[in-house]
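>>> Predicted model follows, preceded by the sequence.
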Amino acid sequence: MKDKTDKTFSEKIGLYVRAAYPGVAVSSTEEGRVLVEVAKAAGEANFRLFSWTETEGVFDRTTNEYVPPTSKPEPSDPFTMLDEMDKLPDRSILVALDYHLHLGTAQQPAPPMLVRRLKDTLALCKRTNKQLVIVGANIWLSPELEKEITMCDLTLPGRAELEGAIDMMVASAADDIGDDVDVVKGRREEIVDSLMGLGMQAAENALALAYIETGKESLDPEILDREKCQAIRSTGLLEVVDNHIELADIGGLDLLKADLSLKRALFSEEAREYGLETPPPVLLVGQPGTGKSLAAQALRAIMGKILVRIEAGSLYGSLVGETEGNWRKAFGTAKALGKCVVWVDEVDGLFAGSGGQSTDGGTSQRLVKCILQDLQLNREGLMFIFTANDIDQLPDPLIDRCEVWSVDLPTEGERKEIWKIHVAKRGRKPEDYDIAALAGATDGFSGRQIEQAWLKVMMVAFNDGQREPTTKDAKEIVTGITPTSVLMADSIERRAKRLANRAKPASSKVTKRKAMRNFASN
């Protein structure tokens, strides 16, 4: 059942019109779609609809006629639009395109006279039952205008809108597609899944490209997926991870891998019908190089869904509200993709300023609230996995909402697995090497250190006449490397204390080792 608060953009605009909201701002590059949705709301409320651009002035979208200006417009005069707004009839909506460029930025706000004039116009709109809708890519409002103009998000198109785009494409190309029309209609669900997460214009472009690339054959969802990944990358906030990592590529971490495997079917319709919910968020905490990132990447294969990565540092912006806006944009894009895995990397850096001594103007605290609210109320269809090197900066509410796993340095048995994986990965047979001796010689090494050590062994052998590397070469190399357990001894000890009784060990061998240590101390 649809939630009463889960309203479409046109429904929100309609409510704002009936409630006599004088000013609305919509941050979007999809001008055409905004106009279509506002026109729908205007028709339902029996309002006349006008649009304004600096180059062409006011256009009456009810009669499809341009409105003669009251005076000759001056280039880049921000007052011209306001003059035209004032003279529109009662019960009118004016959509002003790109007008936000006159409203300035936090570093260079609009001049006081323009702010005052805009507030006067909005007050007149309130009395005459008119509405101003400002549309632009990134709208910034000064504190004086934040209370006067309501921000309204244009959500990405849903399944019904995308199905409509497919029908339009099929209808316009019916003569060329011919018998494949039925094939396209039969694959509608698959095609819509591939388009989820795109804006309407991007979806239409992807459909056209898929049609051109496949000639007169049915649309290829793989082409649509490729274009979707490109569109996601262009946001600069989300990265599509397409590495083919399997659980078998990760040495050790048997408890963690077993638990992740249990979640593989939780996105299925059968799981929903059975009563199971979206997988809970997972938090992996441990020293760098211990396999956290590999485990996150393996979820792409485990869940069989697209994996998107959010680098924590990319969310921060210099303008007030920009950081929270970046999170909302990234989260909204991930949400629109349908069922997917969201990997938030280095999340401890994301919350670095959220404590009582924060010096970032409260940005971190506001971001914490946004993320926790989405995790609590709006994560249906999204599996979150957070990776962190430390737990000091993470807020308790985030930890409480996650399954927390402690990823330690590999044990001897796990180091054997890791050596075998990397030796085989580079085209050599593990049985040709004394893996047990190499595991013993790398006590305290992280998995990444072992990988880098083997790459150096191969480099030495290559430079020595391109011969095959030997166990002797490997032993000589690792003796010159300081183990992570020595380099990071203090942080490892502190982390172990902080995670005690708060996290599950990722390896059963670590559990046994700790149990033996506790028994010996009693």
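Structure's in. What do you need?
>>> Met81 looks like it's in a helix, true?
Yes - under DSSP: H, G, I helix; E, B strand; the rest coil, Met81 falls within a helix.
>>> Okay, it and Met151: tell me how far apart.
In this view, Met81 and Met151 are 19 Å apart by C-beta to C-beta, to the nearest Å. From N, CA and C alone the C-beta is placed, and that goes for glycine too.
>>> Leu337 now?
Distance from Leu337 to Met151, by C-beta to C-beta: 23 Å.
>>> of these two, who's got more company?
Leu337 (25 against 14; other C-beta atoms under 10 Å).
>>> Go ahead and confirm Ala41 touches Gly14.
Yes - using C-beta atoms under 8 Å, Ala41 is in contact with Gly14, at 4.0 Å.
>>> ok, these two, which is more surrounded?
Under the neighbour definition other C-beta under 10 Å, Ala41 and Gly14 were set side by side, and Ala41 has more, 24 against 21.
>>> residues in contact with the more buried one?
Neighbouring residues of Ala41 by C-beta atoms under 8 Å, 6 or more residues apart in numbering: 10-11, 13-14, 17, 47, 93.
>>> Which element, helix or strand, includes it?
helix 31-45 (DSSP states H and E).
>>> Would you mark the buried spots in the very next helix or strand once past that helix?
Where DSSP H and E defines the elements, the next helix or strand beyond helix 31-45 is strand 48-53. By neighbour count with 16 or more other C-beta atoms under 10 Å, strand 48-53 contains the buried residues 48-52.
>>> Reformat these as CSV; add distance to Arg116.
Below are those laid out as CSV (distance: C-beta to C-beta, whole Å):
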residue, distance to Arg116
Arg48, 27
Leu49, 27
Phe50, 23
Ser51, 25
Trp52, 20
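>>> Would you mind checking which of those residues is nearest to Thr411?
Using C-beta to C-beta, Ser51 comes nearest to Thr411 of the buried residues of strand 48-53, at 66.8 Å.
>>> List phi and psi for the nearest residue to Gln201 once chain neighbours are set aside.
Once flanking residues are discounted, Gln201 sits nearest to Glu30: 5.9 Å by C-beta to C-beta, 6 or more residues apart in numbering. Main-chain dihedrals, Glu30, degrees, to the nearest 10: phi -90, psi 70.
>>> Now do the contacts for Glu30.
Taking C-beta under 8 Å, 6+ apart, we find Glu30 in contact with 154, 199-201.
>>> Kindly present those residues as TSV, with separate columns for distance to Pro397.
What follows is those, written out as TSV (distance: C-beta to C-beta, whole Å):
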residue	distance to Pro397
Leu154	30
Gly199	33
Met200	36
Gln201	38
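>>> Quick one: the strands in the protein, in order.
23-27, 48-53, 57-60, 65-66, 92-97, 131-136, 150-151, 239-241, 282-286, 307-311, 340-345, 382-388, 403-407, 504-505 (DSSP state E).
>>> need these in a markdown table with distance to Asn463 and mean pLDDT, can you?
Converted to a markdown table, these look like this (distance: least, C-beta to C-beta, whole Å; pLDDT from 0 to 100):
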| stretch | distance to Asn463 | mean pLDDT |
| --- | --- | --- |
| strand 23-27 | 55 | 91 |
| strand 48-53 | 65 | 93 |
| strand 57-60 | 71 | 90 |
| strand 65-66 | 74 | 83 |
| strand 92-97 | 62 | 94 |
| strand 131-136 | 58 | 94 |
| strand 150-151 | 60 | 90 |
| strand 239-241 | 34 | 85 |
| strand 282-286 | 34 | 93 |
| strand 307-311 | 35 | 88 |
| strand 340-345 | 35 | 91 |
| strand 382-388 | 35 | 92 |
| strand 403-407 | 34 | 93 |
| strand 504-505 | 41 | 92 |
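>>> Of those, which is nearest Gln108?
strand 131-136 (16.0 Å).
>>> Domains in the chain, by residue range?
9-151, 159-234, 241-407, 412-486 (automatic domain parsing).
>>> In a markdown table: those, plus distance to Asn501.
Conversion of those to a markdown table gives the following (distance: least, C-beta to C-beta, whole Å):
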| stretch | distance to Asn501 |
| --- | --- |
| domain 9-151 | 43 |
| domain 159-234 | 39 |
| domain 241-407 | 11 |
| domain 412-486 | 23 |
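>>> Among the ones you listed, which comes closest to Leu499?
domain 241-407 (4.7 Å).
>>> Give me the distance between the two termini of the closest one.
Terminal residues of domain 241-407 are spaced 22 Å apart (C-alpha to C-alpha, to the nearest Å).
>>> Tyr16 is in contact with Cys152, isn't it?
Yes - between Tyr16 and Cys152 there is a contact under C-beta under 8 Å: 7.2 Å.
>>> where do the contact lists of those two overlap?
Joint contacts of Tyr16 and Cys152 (C-beta under 8 Å, 6+ apart) are Val24.
>>> The stretch 201-350 of the chain: helices as residue ranges?
221-234, 254-262, 269-274, 292-303, 322-336, 347-350 (DSSP state H, counting those that start in this stretch).
>>> Which members of the contacts of Ala41 are positioned in helices?
Residues of the contacts of Ala41 located in helices (DSSP state H): 10-11, 13-14, 17.
>>> Same list, the residues you listed, but as a markdown table with pLDDT and distance to Asp464 please.
Output for the ones in helices among the contacts of Ala41, formatted as a markdown table (pLDDT from 0 to 100; distance: C-beta to C-beta, whole Å):
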| residue | pLDDT | distance to Asp464 |
| --- | --- | --- |
| Ser10 | 73 | 70 |
| Glu11 | 80 | 71 |
| Ile13 | 82 | 72 |
| Gly14 | 80 | 75 |
| Val17 | 83 | 78 |
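>>> Now the phi/psi pair for Gln108, please.
phi -140, psi 80.
>>> Could you report the neighbour count for Glu468?
Around Glu468 there are 10 residues (other C-beta under 10 Å).
>>> now swap in Phe9 and tell me
With other C-beta under 10 Å as criterion, Phe9 counts 20.
>>> That one contacts Asp153, doesn't it?
Yes - counting by C-beta under 8 Å, Asp153 is a contact partner of Phe9 at 7.4 Å.
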